[in-house]
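Undergrad: What would the 3D arrangement of this be:
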Amino acid sequence: MSQDPIRVDIVSDVVCPWCIIGYRQLLKASEATGIAIETYWHPFELNPDMETEGENIRDHIMRKYGSSAEQSQEARTRLSDLGEDLDFTFSWSDESRIYNTFSAHQLIHWAAEAGKAQDMKLALFDAYFTHRRDVSNTDILVDVAGEIGLDKDEAHAVLTDGRFAESVREKETFWTSRGVSGVPTMVFDAQQATSGAQGVDVFSQVLRHMAAQPRQVPAS
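TA: Coordinates of the predicted model:
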């Protein structure tokens, strides 16, 4: 008898490299264990006060975490190596920038209405990390929506009138009020949570553990 997929709620940001790394590790764990998962994405802003033009990533990391230029470069090299192992390409450059993602989260919220939240999320990861696109720019966000088959005019309207801004803020508050302060945070069947990109082995252990538990998945 086949088992229902394990629900995994993922709180993340589209400019968080560890979020796409963690997701790819989770996918590999699902494949390795044969345990199916069903993912639901939730918004988190790493830099809610970021200026419109964004900030150079190297400068941002040095300022925010007190690291040196060499440490910042080493971190990006490590991420690139991890990404390569997980079939994801990070295309860093000296001009790479980090951006505010509030508009991107609104677009993901809208895409969910068409059952394409995951398509949008993954397309934005790819747009930002692989193709160095500005995921705070309305025109680029609209283009990404079109690339996954959504109506570009409607996407533009959604971002212009901000109809989902309050809903996104409410979701962000929901998760931060429950102690989420870093991403990715993954919640398995509303019973167990992990923080960070834990690795294929750890995620495999979590999936096996959850598969052996009584199911208590929320209805929505």
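
Undergrad: In this structure Trp110 contacts His156, no?
TA: No. Counting by C-beta atoms under 8 Å, His156 is not a contact partner of Trp110; they are 11.0 Å apart. No exception for glycine: its C-beta is placed from N, CA and C like everyone else's.

Undergrad: Of those two, which one has the most company?
TA: Trp110 (23 against 16; other C-beta atoms under 10 Å).

Undergrad: give me the element the more buried one is part of.
TA: helix 102-112 (DSSP states H and E).

Undergrad: so what does that helix touch, helix or strand wise?
TA: Helices and strands touching helix 102-112, by 3 or more C-beta pairs under 8 Å, 6 or more residues apart in numbering; DSSP states H and E, are strand 37-43, helix 117-125, helix 138-147, helix 152-161, helix 165-176.

Undergrad: Tell me the buried residues in the helix or strand of the chain with the lowest mean pLDDT?
TA: In the chain, the helix or strand scored least confidently by mean pLDDT, DSSP states H and E is helix 57-65, which has a mean of 89. Using 16 or more other C-beta atoms under 10 Å as the test for burial, helix 57-65 gives 57-58, 60-61.

Undergrad: Sketch out the low-pLDDT regions of this structure for me.
TA: 1-2, 215-220 (pLDDT under 70).

Undergrad: Report the separation between Arg132 and Ala112.
TA: Plainly put, Arg132 is 26 Å away from Ala112 if you go by C-beta to C-beta, to the nearest Å.

Undergrad: ugh, wrong one, Ser67
TA: Distance, Ser67 to Ala112, by C-beta to C-beta: 35 Å.
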